[in-house]
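Asks: could you look at this predicted model? Sequence included:
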Amino acid sequence: MSRILLLTAAPVLCLFVLAAAAVSQPPATQGGAGDTPASRPASNPSPDDVLGNMLKPRRTSGERELVPTEPPAVDKKSGPGSVAPNAPALTVLREGTPIINRLGRLSLGADGAPSEFVFESDGQALRDPPLLLIPNLKLMIMEDVARGNTREPRFRVSGVVTEYRGRNYLLLDKVYVINPANQQYR
């Protein structure tokens, strides 16, 4: 019996407490003259003020973002810098360009020179200059695989292009070695 009385008295008691709290607080002004952001206490800013502060740049007046303004440079290994006669001049890819699932081979650098990724031709433009590879763990694994094989392995890579002084670099994100048994050599 006391359990039933407690279950029915609990909701009534909650309603009584909520009603007493509502009576003891002064009514809120809705859109009145006293409801300005300046009249609110500093500890309770409006949602618009919080969002505005979050979206403000955190730079001082002396800082500015550096953005490349000149057109893309000519790749230093194409045009007059290339080995082939009358080679076309190619522009470098813009920084941030994604490379997704491209086939190619690793050209190991000699005596501390950076390794390059040489793209396989796509059968159309044949205008992909090799990209220098930025050292990371993926490159280390590729070099180990290339040094451990008698045949030059093919890789399928994905990553992001960077640009520096007329050359493109590739930061590897994903690397797959193509199974040598499935490779067709021409």
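Replies: On my side now, so go ahead.
Asks: you'd agree Asp111 is in a helix?
Replies: No. According to DSSP: H, G, I helix; E, B strand; the rest coil, Asp111 belongs to no helix; its state is coil.
Asks: now do the same for it: its pLDDT.
Replies: Model confidence at Asp111, expressed as pLDDT, equals 78.
Asks: numbering from 40 from now on, please.
Replies: Sure, I'll start numbering at 40, so the last one becomes Asp150.
Asks: neighbours of it, just the number please.
Replies: Asp150: 4 surrounding residues under other Cβ atoms under 10 Å. C-beta: built from backbone N, CA, C; applies to glycine.
Asks: I'd like the distance between it and Arg204.
Replies: Distance, Asp150 to Arg204, by Cβ to Cβ, to the nearest Å: 21 Å.
Asks: now swap in Asn92 and tell me
Replies: For Asn92, the distance to Arg204 - Cβ to Cβ - is 40 Å.
Asks: same question for Asp87.
Replies: Asp87 sits 46 Å away from Arg204, going by Cβ to Cβ.
Asks: next helix or strand past the worst-scoring helix or strand of the chain on mean pLDDT?
Replies: Sorted by mean pLDDT, DSSP states H and E, the helices and strands of the chain end with helix 41-63, the least confident at a mean of 55. Using DSSP states H and E, the helix or strand that directly follows helix 41-63 along the chain is helix 86-94.
Asks: low-scoring stretches of this structure, by residue?
Replies: 40-81, 96-108, 110-128, 161-165, 219-225 (pLDDT under 70).
Asks: mind redoing it with 90?
Replies: Across the chain, the ranges flagged by pLDDT under 90 are 40-133, 146-154, 157-169, 184-191, 202-206, 217-225.
Asks: pull the number of nearby residues for Thr201.
Replies: 19.
Asks: each with direction, which strands does the one helix or strand it maps to pair with?
Replies: If you go by DSSP H and E, Thr201 is part of strand 193-203. Sheet pairing for strand 193-203, assigned by DSSP bridges, gives strand 137-146 (antiparallel), strand 206-216 (antiparallel).
Asks: got the ones you listed as TSV, with mean neighbour count and distance to Arg186 columns?
Replies: Putting the strands paired with strand 193-203 into TSV (neighbours: other Cβ atoms under 10 Å; distance: least, Cβ to Cβ, whole Å) gives the following:
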stretch	mean neighbour count	distance to Arg186
strand 137-146	16	10
strand 206-216	18	13
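Asks: including distance to Glu159, could those go into JSON lines?
Replies: Listed next are the strands paired with strand 193-203 as JSON lines, based on distance: least, Cβ to Cβ, whole Å:
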{"stretch": "strand 137-146", "distance to Glu159": "4"}
{"stretch": "strand 206-216", "distance to Glu159": "14"}
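Asks: show the end-to-end separation of stretch 184-203, please.
Replies: For stretch 184-203, the first-to-last residue distance is 28 Å (Cα to Cα, to the nearest Å).
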